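Undergrad: need a 3D model of the following:
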Amino acid sequence: MTVTDIPPQVGRLAVITGGCSGLGLETALSLARAGADVLLADVDPNAGREATKHIRSLAPAGVVRFEQLDLASLTSIADFATRLQKLSRPVDLLVNNAGVMAPRRREITADGFELQLGVNFLGHFALTARLLPLLRMSRMPRVVQVGSVLGRRGMINFEDLQQIRSYRPWRAYAQSSAALLLFARELQRRSDANDWRLQSNAVHPGYARTHIFVNGPGKWSTANLLHQTLGRFFSQTPAQGALPIIFAATSPKANLGAYYGPRGPFELIGMPGEAGSSQASFDAESAYKLWEIATDLTGVIWQTD
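TA: Numbering: from 1, shown residues only. Below is the predicted model:
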C-alpha cells in the first residue's frame, strides 16, 4: 500500500495519539498528504512543534496541528476531549496509536494504574468514550487500535489485571495489546447494537524500527541491543510499519471489527492483510467483562442515545 492507494481524505479530521514520532508520525504524514486535517495528540509540546513542522514541509497543502495529551492521566484525557468538543467538529478518524513497551520495573499512571495497561488500553478506552459524540457526528467514523504482534499471545489476567502480585514486563505488554484487540471487537459489537455507525478495527505493525525499545526496556537493555543488531535483519521502517494502520483507517476493503498486520514471515514485515489472532481474542464474554472493568476504573460514560 502506498500514498497513492489512500482514498482522498479531504475534509476529514484525523486524531492520532502518539502522533509526533514513529508509527504515529508516518500515519499522520500519509493522511495529511491524502488531504486530511491531522491533529497530533501527544505529551511533549516541543516534539509537537517539530512534528508539525516536518509534516508541513512534506505535505504543504495539509492542515496539521498539535494538542497536548497525556494518556497516563484521566484528567488530561478529559481536558483534551473538552477542548475538541468546543470545536463542535466531527472526528472522522481516531487512531489510538500511543504506547509504552515493557519498562523493566512496574510503574503506575497518575491514577494508579499499571503503566502499560493504563496508557495502552485504559487511556485509549477513556479517550474513545469521551470522543464518541464527535465520532458520531461523522458520516463515516473509524476507530483504529494499534497494538503489538505479541497481543495474540497475551492473556487477560482478571485475577491480577494491574500486575500487582507479579509484574513481568513483556507479559504486561502482551496483556495490554490483547486488551486493545478485545476492546476493538467489543466496540464494534456495541456500535452495531447501539447504531453508533462506527467502524472499529485493530492493527499491529509487525516489527518496525521505532524508538519504543529505548523508551521502554531502555537503551542498554538486552531487548534494545538485540533490536539494534540482529533486529535490523527482521524489521521494517516506521513508514512500512504504518501501512496496516493506514489500511484500517482508510481502505474501503477494511472489514468491520477486523484485525490487520503485515502478511510477511511471522507477520513481522510485509504488506497489510488480515492478521492472525488467538481464539481468546474472539471471546465476547471476556470482552464484555473487560469493558465493564475499564468503565468502572476510568469512570467514563458511553453515550447510548
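
Undergrad: so Val43 makes contact with Asp70?
TA: Yes. Counting by CB atoms under 8 Å, Val43 touches Asp70, with 5.2 Å between them. Bear in mind the C-beta positions are built from the backbone N, C-alpha and C, glycine included.

Undergrad: quick one, longest helix in this structure?
TA: If you go by DSSP state H, the chain has its longest helix at helix 169-194.

Undergrad: counting by contacts, list what that helix packs against.
TA: Helices and strands touching helix 169-194, by 3 or more CB pairs under 8 Å, 6 or more residues apart in numbering; DSSP states H and E, are helix 115-116, helix 124-136, strand 142-146, strand 199-203, helix 284-298.

Undergrad: can you do 7 Å?
TA: Packed against helix 169-194 by the contact rule (3 or more CB pairs under 7 Å, 6 or more residues apart in numbering; DSSP states H and E) you find helix 115-116, strand 142-146, strand 199-203, helix 284-298.

Undergrad: what mean pLDDT does that helix get?
TA: Mean per-residue pLDDT for helix 169-194: 96.

Undergrad: ok, stretch 119-127 next?
TA: Here the average pLDDT along stretch 119-127 is 98.

Undergrad: which one of the helices and strands packed on helix 169-194 lies closest to Asp92?
TA: strand 142-146 (7.3 Å; CB to CB).

Undergrad: any idea of the angle that closest one forms with helix 169-194?
TA: 170 degrees (axes from the mean of the first three to the mean of the last three CA atoms, to 10 degrees).

Undergrad: parallel or antiparallel, list what pairs with strand 142-146.
TA: Here strand 142-146 is paired, per DSSP bridges, with strand 93-96 (parallel), strand 199-203 (parallel).

Undergrad: name the residues that touch that strand?
TA: Residues outside strand 142-146 that contact it (CB atoms under 7 Å, 6 or more residues apart in numbering) are 23, 93-97, 124, 128, 135, 180, 183-184, 187, 198-203, 245, 248-249.

Undergrad: that older thread, make TSV from the strands paired with strand 142-146 and add mean neighbour count to it.
TA: Formatted as TSV, those follow (neighbours: other CB atoms under 10 Å):
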stretch	mean neighbour count
strand 93-96	28
strand 199-203	27
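
Undergrad: worst-scoring helix or strand of this structure, pLDDT-wise?
TA: Least confident helix or strand, the chain: helix 222-228 with a mean of 46, by mean pLDDT, DSSP states H and E.

Undergrad: neighbour count winner among Val43 and Asp70?
TA: Asp70 (20 against 17; other CB atoms under 10 Å).

Undergrad: can you tell me the closest non-neighbouring residue to that one?
TA: Closest residue to Asp70 apart from its sequence neighbours, by CB to CB, 6 or more residues apart in numbering: Ser76 at 4.0 Å.

Undergrad: what angle do the helix or strand containing that neighbour and helix 284-298 make?
TA: Ser76 is part of helix 74-87 when elements are defined by DSSP states H and E. Here the directions of helix 74-87 and helix 284-298 differ by 90 degrees (the same axes, to 10 degrees).

Undergrad: and helix 74-87, what does it pack onto?
TA: On a contact count with 3+ CB pairs under 7 Å, 6+ apart, helix 74-87 meets helix 124-136.

Undergrad: what lies in contact with the helix it packs on?
TA: By CB under 7 Å, 6+ apart, helix 124-136 touches 17, 71, 74, 77-78, 81, 84-85, 90-91, 94, 96, 141, 143, 145, 183, 196-198, 294, 298, 300, 302-303.

Undergrad: angle of it against helix 169-194?
TA: Using the same axes, to 10 degrees: helix 124-136 against helix 169-194 is 30 degrees.

Undergrad: can you give me the offset of helix 124-136 from its chain's centre?
TA: 13 Å (CA atoms, centre = their mean, to the nearest Å).

Undergrad: now what about the host helix or strand of Val38, what contacts it?
TA: Element membership for Val38 (DSSP H and E) is strand 37-42. Contact partners of strand 37-42, identified using CB under 7 Å, 6+ apart, comprise 13-20, 28, 31-32, 48, 51-52, 55, 62-67, 69, 80.

Undergrad: repeat for stretch 235-254
TA: 1, 6-7, 9, 22-23, 26-27, 30, 93, 95, 97, 142, 144, 146, 201, 203-210, 260-262, 268-269, 271-272.

Undergrad: what of stretch 51-62?
TA: With CB under 7 Å, 6+ apart as the criterion, stretch 51-62 contacts Gly19, Cys20, Leu25, Ala28, Leu29, Ala32, Arg33, Val38, Leu40, Val64, Arg65, Phe66.
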